[in-house]
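> The amino acid sequence is not available; the structure is as follows:
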């Protein structure tokens, strides 16, 4: 939250992908899913209670509405909210989309001049992935992910979509000093990263 908190304290804030669906342990039955607000959305709402949340999960949105959250059901790639924002947060979202470029172009349309889009996404060069490739013959990939980005490729896509990257922050999971040693030596071994961008 260190990089996010200063951006969401005031102004119009939009958070994307706000429904957290978790299946009961050892179950594949979707009826046993528990739908709640993501921890990121909950924390942002604690800072700015006027934050609008958007998700494609209609049932999840209805549950969050019943809990008092200000949320709407929409597809982030094609939605038109008829509103612009000072800050848009897209945490661990872009790697799930079938068309990330279309999504970024839509975010430009929803940002105020000088506004900020904040993206977080896993880092494909995370040091633990190397170990998984050696042990299992392939990297560990979430079943719903469609693509990988690193800061270089995501910055390039932002520029093609009408955004100018403004900052990059590396995120490392809390673990032992030995396990975090590669990321201490080279940022590109970190678990994930944050990229901020503004309309160009």
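Received, thanks. Please read all numbers here as calculations on a predicted model, not as lab measurements.
> any idea how far the residue nearest to residue 47 when sequence neighbours are not counted lies from residue 14?
Closest residue to residue 47 apart from its sequence neighbours, by C-beta to C-beta, 6 or more residues apart in numbering: residue 8 at 5.3 Å. All C-beta spots, glycine's among them, are computed from the backbone N, C-alpha and C. Applying C-beta to C-beta, to the nearest Å, the value for residue 8 to residue 14 is 10 Å.
> out of these two, which sits in the busier spot?
Between residue 8 and residue 14, counting by other C-beta atoms under 10 Å, residue 14 is the more crowded of the two (27 against 23).
> Am I right that that one falls within a strand?
Yes. Looking at residue 14 with DSSP: H, G, I helix; E, B strand; the rest coil, it is inside a strand.
> Would you mind listing the residues touching both of residue 8 and residue 14?
51, 87, 89 (C-beta atoms under 8 Å, 6 or more residues apart in numbering).
> My understanding was that the second one contacts residue 8; is that so?
By that I understand residue 87. Yes. Using C-beta atoms under 8 Å, residue 87 is in contact with residue 8, at 5.7 Å.
> partners of the nearest residue to residue 70 once chain neighbours are set aside in the sheet?
Ranked by C-beta to C-beta, 6+ apart and with sequence neighbours excluded, the top spatial neighbour of residue 70 is residue 52, at 5.4 Å. Under DSSP bridges, the beta-bridge partners of residue 52 are residue 14.
> Could you pull out the helices in the protein for me?
5-8, 39-47, 58-66, 100-110, 127-136, 151-160, 181-185 (DSSP state H).
> Quick check: which of those helices is nearest to residue 83?
Between residue 83 and these, the tightest spacing by C-beta to C-beta is seen for helix 100-110, at 7.3 Å.
> Let me see the mean pLDDT of that closest one.
Average pLDDT, helix 100-110: 98.
> Then stretch 17-29?
The pLDDT scores in stretch 17-29 average 67.
> can you pull the contacts of the residue nearest to residue 70?
With contact set as C-beta under 8 Å, 6+ apart, residue 52 has these partners: 12-15, 70-72, 81, 83, 85.
> now the protein, which segments are flagged as low pLDDT?
Within the chain, the stretches with pLDDT under 70 are 22-32, 174-185.
> how far does stretch 144-152 sit from the chain's center?
Centroid separation for stretch 144-152 versus its chain: 11 Å, with C-alpha atoms, centre = their mean, to the nearest Å.
> Now that stretch: buried residues?
147-151 (16 or more other C-beta atoms under 10 Å).
> OK, contacts around residue 115?
84-88, 198-199.
> do that again at 6 Å, thanks
residue 86 (C-beta atoms under 6 Å, 6 or more residues apart in numbering).
> TSV please, covering the helices of the chain and showing distance to residue 120.
Below are the helices of the chain laid out as TSV (distance: least, C-beta to C-beta, whole Å):
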stretch	distance to residue 120
helix 5-8	12
helix 39-47	9
helix 58-66	20
helix 100-110	14
helix 127-136	17
helix 151-160	11
helix 181-185	16
